[in-house]
Every structure is written in C-alpha cells, then in structure tokens.
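K.L.:
This is a predicted model, with the sequence first.
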Amino acid sequence: MQIPRDCELLAATVPYPAVTKGQSAKAAVARHRAALGQANGNLVATRTCQEQQRQRFAGGR
C-alpha cells in the first residue's frame with residue numbers, strides 16, 4: 001500500500017526571520033512571533049492531515 005506524502009508536504013520548516021542591524025526590537029519580535037505562528041499552523045495542518053489519512057486507510061482494512 002502506498003501512503004500519499006500530502007501530510008509531509010504540510011510539515012514545512014519555517015526559517016528564522018532575519019534580524020538586521022538597526023532593526024527595532026519590536027519589529028524583530030513581531031517577525032519571530034509571525035514565524036512561530038506559521039510553524040504552529042504547519043503543525044496543526046500536518047496533524048489534521050495525518051488524522052484524516054488514518055481514518056481513510058483504516059476503512060480499507
């Protein structure tokens with residue numbers, strides 16, 4: 001049985017946001033918070049996808 005890679009594609013790594021010289025601390029924190037939010041969204045989407053795959057493939061047993 002071949003399981004699709006759809007869920008793995010959702011589990012994309014979110015890069016650290018670049019911090020530049022002269023950037024305000026508030027801007028840097030906001031960019032890091034946004035990246036963390038994106039990473040957490042990827043985790044939730046991956047987990048949901050895996051649950052749906054288990055349900056689909058469990059029905060075929």
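P.N.:
The structure has been received and is ready for your questions.
K.L.:
which residues sit in contact with residue 13?
P.N.:
If a contact means CB atoms under 8 Å, 6 or more residues apart in numbering, then residue 13 has no contacts. C-betas here are computed from N, CA, C, even on glycine.
K.L.:
wait, doesn't residue 32 sit right on residue 18?
P.N.:
No - between residue 32 and residue 18 there is no contact under CB atoms under 8 Å: 10.6 Å.
K.L.:
Between the two, which has more neighbouring residues?
P.N.:
Shown here are residue 32 and residue 18; by other CB atoms under 10 Å, residue 32 has more neighbours (13 against 8).
K.L.:
Specify the local secondary structure of residue 22.
P.N.:
Recorded secondary structure, residue 22: coil (DSSP: H, G, I helix; E, B strand; the rest coil).
K.L.:
burial measure for it, as a count.
P.N.:
4.
K.L.:
repeat for the one 5 residues further on
P.N.:
By the criterion of other CB under 10 Å, residue 27 has 12 neighbours.
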